[in-house]
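[1] this one's structure only:
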């Protein structure tokens, strides 16, 4: 049996190694267009910023190491240009010599990955404009920084790679601005969760231009002028990070089915429309684990799993890919941002009738030194109570909490069942009521009607005509830092004695700093006959979102 694999890195290299472990006698050939067969894509930004100092640390396997350990024929600088599925041959061009030859196969695995999108704008091909996909891209960018000593950079695109690159360019000593077409960074986040990220990024010295787009990139003699829809930026270099598209143009006449994006259509066995041809990684469509819809979700973890599944099926072992839920995490200086599943935009688009909750919890026992707070947002389906998605922004312990929620989602847990999880506890690591448990507690209170909620986006529309009571239960010190117009102030610890100051028969809308004390206030008021609603996420979330919605846009014409 001969298996030909087009493309290495995560999916292709994993598939090849799994094939060898399953069949010592199989003939396995990998064709790789570039120089490197297996490298750490996700580590590339950290080489630019100096966190990773040795380039060889980015190379996970070499053709020689693959041959020695797995007896796999790895051919670098070998580009697949056409596939004939009838004759089971691939046309291969040797990029060093220019010569072409035909390579046969019994099974074919496609793992070509995805390439950065180059927007169709003037100047995108300028030598001072960079993208980041592979090690040669990284070395080209690093060489420019080391030799040309740019003082400023504009990152176009505020997704994961764009934000990571902004951090690492800043660490390399550059003055960095992020231009993002959307109104917020990191698309899997909702705006309310991205607000904390914006404030933190700006506190680290990175400028933001959200809700803006690039229309042209022009030479200006000394550097570049980035022409925006609103304003312009002067900079020494630019990095384009506006997304990726499947690198599948070579499949055009193969008969292998793709969608409008160019993503390869596969079934749960990672099998294409041609039975003996499989596809894995960033070039394929996947089933969204939550919605079941066909989706494009390029992530390294799923690519590795898909490579293993394709190898199993080639070797006659039934194996299925159950879908991608989009679990991902981002380091941003000292901040951690993690997401899984759907956000509000995607949940609405999928037609879910969902509810949500916000919690604000410490990373470990608050009495143990160095605890930090994390903001947690979870969505669930009202009909089934199944978790639809989660977002966490904080510092310490964010990743492990998101891993727990992502695992619960994968196993079909209801949001209320998060309260039942028995998680590891010791003061340096967590709390007896873990942040994940707290989500379950709050959701259970909402679902069973123990507490009513209102949200930051409801505050402005609350009547100020006396038909409802608006109540702030924070301390005097907290109120001195700012408040919401129209809310009367009674600190929580005085509420029992002063509840007579509230008019009977009118709904009460209550807030505190995080939502916890106002929850207690609501229970006190409910016990005294009031109808009460708690501001989910509290003043902290409201102030963060409103601040970012009203902060003046950053537009500059001189960034050096």
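    It's in. Because the structure is a prediction, the values reported are computed rather than measured.

[2] Now tell me which helix or strand of this protein has the poorest mean pLDDT.
    Every helix and strand of the chain was ranked by mean pLDDT, DSSP states H and E. The lowest is strand 38-39, at a mean of 64.

[3] Skip ahead from it and say which helix or strand is next.
    Next along the chain after strand 38-39, taking DSSP states H and E as the criterion, comes helix 44-48.

[4] Next, the contact list for the spatially most central residue of the chain, please.
    Residue closest to the average C-alpha location in the chain (CA atoms, centre = their mean): residue 328, at 4.9 Å. Going by CB atoms under 8 Å, 6 or more residues apart in numbering, residue 328 touches 160, 188, 299, 338, 339, 340. C-betas here are computed from N, CA, C, even on glycine.

[5] try 10 Å this time
    Counting by CB atoms under 10 Å, 6 or more residues apart in numbering, residue 328 makes contact with 160, 186, 188, 297, 299-301, 337-340, 402, 406.

[6] try residue 123
    Contacts of residue 123 by CB under 10 Å, 6+ apart are 129, 214, 215, 216, 217, 218, 219, 224, 225, 226, 227, 238.

[7] Buried subset of the contacts of residue 328, written for PyMOL?
    This is the PyMOL syntax for the buried subset of the contacts of residue 328, where burial follows 16 or more other CB atoms under 10 Å:
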select buried, resi 160+186+188+297+299+300+337+338+339+340+402+406
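
[8] Could you list which of the contacts of residue 328 belong to helices?
    Of the positions in the contacts of residue 328, 160, 300, 301, 402, 406 sit in helices, assigned by DSSP state H.

[9] show me the contacts for the fourth one.
    Neighbouring residues of residue 402 by CB under 10 Å, 6+ apart: 327-329, 336-340, 374, 376, 390-392, 436.

[10] of those residues, closest to residue 516?
    Set against residue 516, the nearest of the contacts of residue 402 by CB to CB is residue 376 (12.8 Å).

[11] Quick check: which element contains that closest one?
    Short version, using DSSP H and E: residue 376 is in strand 373-381.

[12] Quickly run through the sheet partners of that strand, with directions.
    In the sheet, strand 373-381 lines up against strand 354-362 (antiparallel), strand 387-394 (antiparallel) (DSSP bridges).

[13] Quick check: which of the ones you listed is nearest to residue 63?
    Of all the strands paired with strand 373-381, strand 387-394 comes closest under CB to CB, at 40.3 Å.

[14] Could you give the separation of that closest one from the chain centroid?
    11 Å (CA atoms, centre = their mean, to the nearest Å).

[15] Please identify the buried residues of that strand?
    Buried residues in strand 387-394, counted by 16+ other CB under 10 Å: 387, 388, 389, 390, 391, 392, 393, 394.

[16] so where do the helices sit in the stretch 51-200 of the chain?
    63-70, 135-148, 160-171, 191-203 (DSSP state H, counting those that start in this stretch).

[17] Worst mean pLDDT among the ones you listed?
    Note on those: helix 63-70 shows the lowest mean pLDDT, a mean of 85.

[18] Who are the packing partners of that helix?
    Where contact means 3 or more CB pairs under 10 Å, 6 or more residues apart in numbering; DSSP states H and E, helix 63-70 is packed against helix 9-22, strand 27-31, strand 38-39, strand 59-61, strand 73-75.
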